[in-house]
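Trainee: Just need the structure, nothing else, for what follows:
(one chain, ligands or ions: 1)
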Amino acid sequence: MTQLHFATALLPEGWRDDVRVAIENGVITAVETDASPGAAKRFEGAAVPGLPNVHSHSFQRGMAGLAERRGRACDSFWTWREVMYRFLDRLSPDDIEAIAAWAFVEMLEAGFTAVGEFHYLHHAPDGRPYANMAETAERIVAAAGAAGIGLTLLPVFYAQGNFGGAPPVPGQRRFLSDRDGFTRLMEGSRRAIAAVPDAVLGVAPHSLRATTLDDLRWIAAQWPHGPAHIHVSEQVKEVEDCLAVHGRRPIELLYDTVCVDRRWCLIHATHAEPHEVDMIAESGAVAGLCPVTEANLGDGVFDTTRFLAQGGRFGVGSDSLIRVSAAEELRALEYAQRLRHRSRNALGVEGCSTGRRLFEAACAGGAQALARPVGAIAPGRRADIVVLNGGHPSLAAAEGDVILDAWIFSADNAAVSHVFCGGEHVVSDGRHRARDHALTRYRETVRRLEAI
Ligand SMILES: [Zn+2]
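Mentor: Modelled structure (predicted):
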């Protein structure tokens, strides 16, 4: 058994001082308040639950900064996607593992303790499956195991280039599956995650543009339990193409086609009309919001204000990993609404800390979306705990909820001092225990890729 003692901690009932947490087999077994440290290891900072990261394409970490140059035509998500396709064309399984391992190290150093890896880079560069169908899924699992992050693996089904059965472009050939191939991929992925004790397997139809409606129904029926994630309504063009072919908007079409319930996570949902926002809230599905990537790609702004007013659930994700920061995702979410409504504390409620409201909502929504017992420091939950450094200047006079506000709106990653993941002490004084090895391997990989 491991015992930890925190000067202060955010528990489900609120902030408490002198909190002693007992952990067995990665799970919290007891939480005492106003307790003496006894034999427990003492931490002076403020303990909060680790935040789940609901949406990641880890390989994209390797291209951060490579698409920030304006082309001749107006740049957009679609021109960015061309750069991304050229980048991924060079990646070997070793490269995929090295980049993922570093991305997961960065996530832990940023206060993310679990990740939903929306994994679609399945095949060799020529589009042929590897001899081991789940080769790249195994690499993601190995990277998560090395970093010690909680993993929900979401193998992606991708079958067409656009709505209406448009043929795939060459840049998409590494993603493509037919039903038989995808079934084998799921079986291989299930075997792969067995290497990590508490990993979860979900399923991810890529988007309505990449799957037929029949395929979508088939996936929902074939894998009726566990997390189901899908990209939806990220781009205006996507909505227009969907309307042209199906006469329905993507979110409407999704709800018409399958039973969208609490196991679903709708990634982006950016261009949702008010009735679609309400539909998502009412269904209990999680909106997987990725505000930093959505800003980077010029996607648009989801109406989070309306969604929260309707009781909607959300999680945050770092998606393209152009930046890896739990605090920044929450800050960007709030700032987009401030700019949109020209107000402050746009997602807050009267008299309450906006940081705490966003953080607790993202913890709960993230835990639901990844089907993991996380998001709170409480008995029965996985021991995913982040300690914020009270010595950081932004936190110097902070107590209670102000600690969260100071982290999210000011200190950012620099406030994260210790991270426990499944009870393992993976980040100490801001540094991941495998940082040097993972960074060396990552640097070698991206430098070699740059030279190609
Ligand atoms: Zn994505």
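Trainee: who's in contact with the spatially closest residue to residue 386 that is not a sequence neighbour?
Mentor: Leaving out its chain neighbours, the residue that sits closest to residue 386 by C-beta to C-beta, 6 or more residues apart in numbering is residue 111, at 4.6 Å. Using the backbone N, CA and C atoms, a C-beta is placed for each residue, glycine as well. Counting by C-beta atoms under 8 Å, 6 or more residues apart in numbering, residue 111 touches 50, 51, 326, 327, 386, 413, 416, 419.
Trainee: where along this structure do the helices fall?
Mentor: Taking DSSP state H to define them, one finds helices in the chain at 77-88, 93-109, 135-147, 179-193, 213-222, 236-246, 250-257, 274-283, 291-296, 304-309, 326-341, 354-370, 401-406, 435-451.
Trainee: report the angle between the axes of the second one and helix 135-147?
Mentor: Right, helix 93-109. Inter-element angle recorded for helix 93-109 and helix 135-147: 40 degrees (by axes from the mean of the first three to the mean of the last three C-alpha atoms, to 10 degrees).
Trainee: could the helices of the chain go into JSON lines alongside mean pLDDT and distance to residue 381?
Mentor: Below are the helices of the chain laid out as JSON lines (pLDDT from 0 to 100; distance: least, C-beta to C-beta, whole Å):
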{"stretch": "helix 77-88", "mean pLDDT": "87", "distance to residue 381": "36"}
{"stretch": "helix 93-109", "mean pLDDT": "98", "distance to residue 381": "17"}
{"stretch": "helix 135-147", "mean pLDDT": "98", "distance to residue 381": "19"}
{"stretch": "helix 179-193", "mean pLDDT": "98", "distance to residue 381": "20"}
{"stretch": "helix 213-222", "mean pLDDT": "98", "distance to residue 381": "29"}
{"stretch": "helix 236-246", "mean pLDDT": "97", "distance to residue 381": "37"}
{"stretch": "helix 250-257", "mean pLDDT": "98", "distance to residue 381": "31"}
{"stretch": "helix 274-283", "mean pLDDT": "98", "distance to residue 381": "25"}
{"stretch": "helix 291-296", "mean pLDDT": "97", "distance to residue 381": "26"}
{"stretch": "helix 304-309", "mean pLDDT": "97", "distance to residue 381": "24"}
{"stretch": "helix 326-341", "mean pLDDT": "97", "distance to residue 381": "18"}
{"stretch": "helix 354-370", "mean pLDDT": "98", "distance to residue 381": "9"}
{"stretch": "helix 401-406", "mean pLDDT": "98", "distance to residue 381": "18"}
{"stretch": "helix 435-451", "mean pLDDT": "95", "distance to residue 381": "26"}
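Trainee: returning to what we had before: show me the contacts of residue 111 that map onto strands.
Mentor: 51, 386, 416, 419 (DSSP state E).
Trainee: Apart from its chain neighbours, what residue comes closest to residue 58?
Mentor: residue 100 (3.8 Å).
Trainee: what's that neighbour in contact with, if anything?
Mentor: 58, 59, 61, 117, 139, 140, 143, 144.
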